[in-house]
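1. what follows is a predicted structure for the sequence shown.
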Amino acid sequence: MTLDRPRSLRDAASEATAGVPVAAGLDGIVVAETRLSHVDGAAGELTIRGEPLDRLAGRVGFETVVRMLLEEAFEDLPDEAGLARALAAARGEVFALLDPPGAVTSALPPVETLRALMARLDDGEGLDAALRLIAAPAVLTPALLRLRSGARPLPPDPRLGLAADCLRMLSGTPPSDAQSAALDRYLVTVSDHGLNASTFAARVVASTRAGLTSAVLAALGALKGPLHGGAPGPVLDMLDAVGTPEAAEARLAARLEAGERLMGFGHRIYRVRDPRADALKAGVAALAGEGLVDSDRLRLAEAVERAALTLLGRHRPERRLETNVEFYTALLLEALGFPRDSFTCVFAMGRCAGWIAHAREQQATGRLLRPQSRYVGPLPRDAA
Ligand code: ACO
C-alpha cells in the first residue's frame with residue numbers, strides 16, 4: 001500500500017493560480033464597467049460623461065462637471081443651481097471642522113493634514129456626505145496653509161463658486177476672473193480619468209461597502225505618490241534644479257543618466273500627448289496673457305519641455321513618453337499662489353467628485369474586488 005504524499009502548501013498555492021500570468025501592474029485587466037469617463041490612450045482623448053475634455057475645460061464651471069459626474073449616483077441630486085447652493089452650504093459645514101483652529105496640526109505636509117481633517121467627516125453614503133467630501137479640500141487646503149503662515153483661516157463665502165471661494169480663502173482677497181477661470185479649468189480637467197490608481201483604490205474600498213469617507217481617504221493616499229498626483233511639486237523642483245533654459249538639455253540628460261525619471265512626462269495609458277496637458281497649457285497661457293505667470297518661469301518650462309521630449313525620445317525610442325497633466329499643473333497652480341507642497345490637495349479638490357461617483361457606481365454595479373496573489377514565500381518546515 002502506498003501512502004499519498006501530503007499536498008504541500010507550495011502545491012496548493014501553485015494549483016490555485018496555475019497557468020495564470022501575474023499581471024503586476026494590472027495592465028489591460030478590465031475590472032469594472034463605467035459610465036463616467038473614458039481615456040483613449042492611442043488617440044490622446046479623454047471623454048467625461050460623453051463630452052470630450054476640450055468641450056468642458058475652460059467652457060464650463062467645476063460645479064457643472066460635479067453634477068455630470070454625480071448624475072447617476074444620487075437620486076436626490078438637485079439641479080445645477082441647487083447643487084451649487086448645496087456645495088456652498090457644505091463648505092460652511094466643513095469649516096466647522098477647524099474649530100478650534102489650534103487643534104489643527106501644521107507640522108505635517110498639507111496633504112497629510114488634509115487627510116487627518118477629512119477623516120473627521122462621517123462615513124456616510126448619501127448626498128450630504130458626498131458634498132461635504134467634495135467641499136472639504138477647497139475649504140481645508142487654504143485654511144491649513146493660512147494657519148501654517150500664522151494667519152487666521154477665512155470662512156467660506158456661499159455667494160461664490162467653489163474655485164473663486166477657494167482662491168479668496170487662500171489669499172484673503174477676491175481673485176480676478178482670470179484666476180477663478182484658471183482654477184475652474186484645472187478642477188474640470190482633473191475631475192475624472194478612468195480607472196487610475198487613486199480611483200481604483202476608491203473602488204476597492206467601496207466594493208467592501210465601507211462608506212464614502214473611507215473610499216476617498218484611500219484614494220487620497222494613492223494620489224499623493226510621486227508616480228501619480230504627487231508629481232507636480234517635483235516638477236517645480238526639477239525646473240529649479242535646471243535653473244536656466246540654456247542648461248535644460250545637459251541637466252535633464254544627467255538626470256536620465258543617473259536613472260531618474262523626468263517628472264511630468266510619461267503615462268501608463270497615453271501613447272501620445274495627454275490631452276489634459278494642452279487644456280492646462282491653455283490655462284497657463286491665459287494667465288500669462290494677464291501678466292499672472294512669471295515670464296522667466298514660463299520660458300524655462302518651455303525649454304525644459306522641449307529638451308525633455310527630445311531626450312526621452314532617445315532614451316526610450318520604443319515607448320513614446322510625452323508630456324502629462326502634471327507638467328502644466330505645476331505652472332498653473334504656482335501662478336495661482338498655491339505652494340508646491342499643497343498641489344496634491346488641489347488635485348484632490350478636483351478629483352474627489354470622480355472618486356465618489358466611481359465609489360457609488362462600484363457599489364451599484366460591482367462585486368467585492370478581491371484579486372489573487374501567487375504564493376512564492378517560505379514553506380512551513382514540515383511541508384517543504
Ligand atoms: N522619465 C524617464 N523614464 C521614464 C519616464 C520618465 N518620466 N516614464 C517612464 N519612463 C521609463 C521607465 O524608467 C521605464 O523604463 P525601464 O523599463 O527601463 O525601467 C519605462 O519608461 C516604463 O516605465 P513604467 O514605470 O513601467 O511605465 P508606467 O506606464 O507604469 O509609468 C508613470 C507611468 C509612472 C507616470 C511614469 O511615466 C513616470 O514615472 N513618470 C514620471 C512621474 C509623473 O509624471 N507622474 C505623473 C503621472 S500623471 C498622473 O498620474 C496624474
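-> In hand now; what should we look at?

2. rest of the way, CA atoms for contacts and neighbours
-> Fine.

3. helix or strand for residue 331, which one?
-> Residue 331 belongs to helix 325-335 when elements are defined using DSSP states H and E.

4. now the element after that helix, going C-ward?
-> Immediately after helix 325-335, counting by DSSP H and E, sits helix 343-365.

5. any buried residues in that next one, and which?
-> 343-363 (16 or more other CA atoms under 10 Å).

6. ditto for stretch 37-48
-> Buried residues in stretch 37-48 (16+ other CA under 10 Å): 37-41, 45-48.

7. same thing with stretch 97-114?
-> 97-98, 104-105, 110-114.

8. try stretch 196-213
-> Under 16+ other CA under 10 Å, the buried positions of stretch 196-213 are 196-207, 209-213.

9. chain center to that stretch: distance?
-> Distance of stretch 196-213 from the chain centroid (CA atoms, centre = their mean, to the nearest Å) equals 14 Å.

10. quick one: name the residues of the stretch 1-150 of the chain near the ligand.
-> On the criterion CA under 6 Å from any ligand atom, the ligand has no neighbours in the stretch 1-150 of the chain.

11. can you show me the helices along the stretch 1-150 of the chain?
-> 9-16, 62-70, 80-95, 110-118, 127-148 (DSSP state H, counting those that start in this stretch).

12. turn those helices into CSV, columns for mean pLDDT and distance to residue 379.
-> Formatted as CSV, these follow (pLDDT from 0 to 100; distance: least, CA to CA, whole Å):
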stretch, mean pLDDT, distance to residue 379
helix 9-16, 65, 7
helix 62-70, 98, 48
helix 80-95, 97, 51
helix 110-118, 95, 39
helix 127-148, 97, 45
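
13. pick the most deeply packed of the ones you listed.
-> The highest average neighbour count among the helices of the stretch 1-150 of the chain, using mean count of other CA atoms under 10 Å, belongs to helix 127-148 at a mean of 24.

14. so what secondary structure elements neighbour that one?
-> helix 80-95, helix 110-118, helix 162-171, helix 212-223, helix 343-365 (3 or more CA pairs under 8 Å, 6 or more residues apart in numbering; DSSP states H and E).

15. of those helices, which is nearest residue 31?
-> Nearest of those to residue 31, taken as CA to CA: helix 343-365 at 10.2 Å.

16. distance between the closest one and the chain's centre?
-> 9 Å.

17. what's that helix packed up against?
-> By 3+ CA pairs under 8 Å, 6+ apart, helix 343-365 packs against helix 62-70, helix 110-118, helix 127-148, helix 177-189, helix 197-207, helix 212-223, helix 232-242.

18. now those helices in a markdown table, please, with extra columns for distance to residue 300.
-> Written out in a markdown table, the entries for the helices and strands packed on helix 343-365 read as follows (distance: least, CA to CA, whole Å):
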| stretch | distance to residue 300 |
| --- | --- |
| helix 62-70 | 30 |
| helix 110-118 | 27 |
| helix 127-148 | 27 |
| helix 177-189 | 21 |
| helix 197-207 | 30 |
| helix 212-223 | 27 |
| helix 232-242 | 7 |
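
19. can you put the buried residues of stretch 97-114 in TSV and add distance to residue 122?
-> Shown next, in TSV, are the buried residues of stretch 97-114 (distance: CA to CA, whole Å):
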residue	distance to residue 122
97	12
98	15
104	18
105	20
110	21
111	19
112	18
113	17
114	15
